[in-house]
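**Q** output the structure for:
(one chain, ligands or ions: 2)
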Amino acid sequence: MTHHDVDLARIEKAVREILYAIGEDPDRDGLIETPARVARAMAEQYSGLGQTPEQVLTKVFDVDHDEMVLVKDIEVYSTCEHHLVPFHGLAHVGYIPNARGQVTGLSKLARLVDVYARRPQVQERMTSQIADALMRVLEPRGVIVVVEAEHLCMTMRGVRKPGAKTVTSAVRGDFRTSDKTRAEAMALILGR
Ligand SMILES: Nc1nc2c(ncn2[C@@H]2O[C@H](COP(=O)(O)OP(=O)(O)OP(=O)(O)O)[C@@H](O)[C@H]2O)c(=O)[nH]1
Ligand SMILES: [Zn+2]
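**A** Ligands and ions are numbered 1, 2, ... in the order given. From the prediction side, this is the model:
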């Protein structure tokens, strides 16, 4: 997987500044390596910025299956772009292959989620970006993406409502036009 050019030195410098600004001593023992660690962690946390869906949705097989494929309970960690704190939860990604029966590797759906999760995000945009990318690359008859997540900016700070879940969905193609198809997918997603 390609790593985009994160400016590690610049992050280190900024983190040192932040430590000063909160009244810490960035040169004390425990913090001396922190700016470099944070830079490496951020390179990973935001690695999706350097990736495209085409890079991860590589394996496309022709199989004799033109009904729903759903991968549910994909663990997702992202970062709220307003506070740069995590939101995390589950993503469910389903699609109906086109008439040629073109499907992708199951793991690629989880990789696709990460392409958009590993960026500064809002949950709504992440959800629709995953759906639109899948529609574009796989040209399926329809896509459904449901994300349920807890936002740390709502639990550890601010309004402080631990347990509050935000649920977002994006439906395209057959899932949008057919109530029955959408209901079938939702029953599979919610049936735990
Ligand atoms: N729609 C949406 N809002 C989000 C998401 N993540 C965080 N937020 C919200 O973004 C809003 C930012 O509100 P502001 O009033 O600008 O910031 P704030 O003063 O820190 O707000 P509080 O969180 O209410 O303390 C908050 O209501 C957050 O809950 C997201 O993924 N989608
Ligand atoms: Zn936030």
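**Q** for the residue nearest to the spatial centre of the chain, which residues are in contact?
**A** Central residue of the chain (C-alpha atoms, centre = their mean): residue 117, 2.5 Å from the mean position. Going by C-beta atoms under 8 Å, 6 or more residues apart in numbering, residue 117 touches 48, 76-78, 91, 126. All C-beta spots, glycine's among them, are computed from the backbone N, C-alpha and C.
**Q** name the residues of the chain found near ligand 2, please.
**A** Within the chain, the positions near ligand 2 by C-beta under 5 Å from the ion are 80, 82-83, 153.
**Q** on that earlier part again, now the residue nearest to the centre of the chain: how far from ligand 2?
**A** 15 Å (C-beta to the ion, to the nearest Å).
**Q** quick check: next helix or strand after the lowest-mean-pLDDT helix or strand in the chain?
**A** Within the chain, no helix or strand scores below strand 60-62, which has a mean of 85 by mean pLDDT, DSSP states H and E. Later in the chain than strand 60-62, the nearest helix or strand by DSSP states H and E is strand 69-80.
**Q** can you name every helix or strand that that next one contacts?
**A** strand 86-96, helix 106-117, strand 120-121, strand 142-151, helix 179-190 (3 or more C-beta pairs under 8 Å, 6 or more residues apart in numbering; DSSP states H and E).
**Q** burial count for the closest residue to residue 162 other than its chain neighbours?
**A** Distance criterion C-beta to C-beta, 6 or more residues apart in numbering; nearest residue to residue 162, sequence neighbours excluded, is residue 155 at 4.3 Å. For residue 155, the count of nearby residues is 16 (other C-beta atoms under 10 Å).
**Q** residue 155 contacts residue 161, doesn't it?
**A** Yes: judged on C-beta atoms under 8 Å, residue 155 makes contact with residue 161 at a distance of 6.5 Å.
**Q** common neighbours of the two, please.
**A** By C-beta under 8 Å, 6+ apart, no residue touches both residue 155 and residue 161.
**Q** need the contact list for the closest residue to residue 113 other than its chain neighbours.
**A** What sits nearest to residue 113 in space, not counting adjacent residues and going by C-beta to C-beta, 6+ apart, is residue 91, at 4.8 Å. Applying C-beta under 8 Å, 6+ apart, we find residue 91 in contact with 74, 76, 113, 117, 130, 145-147.
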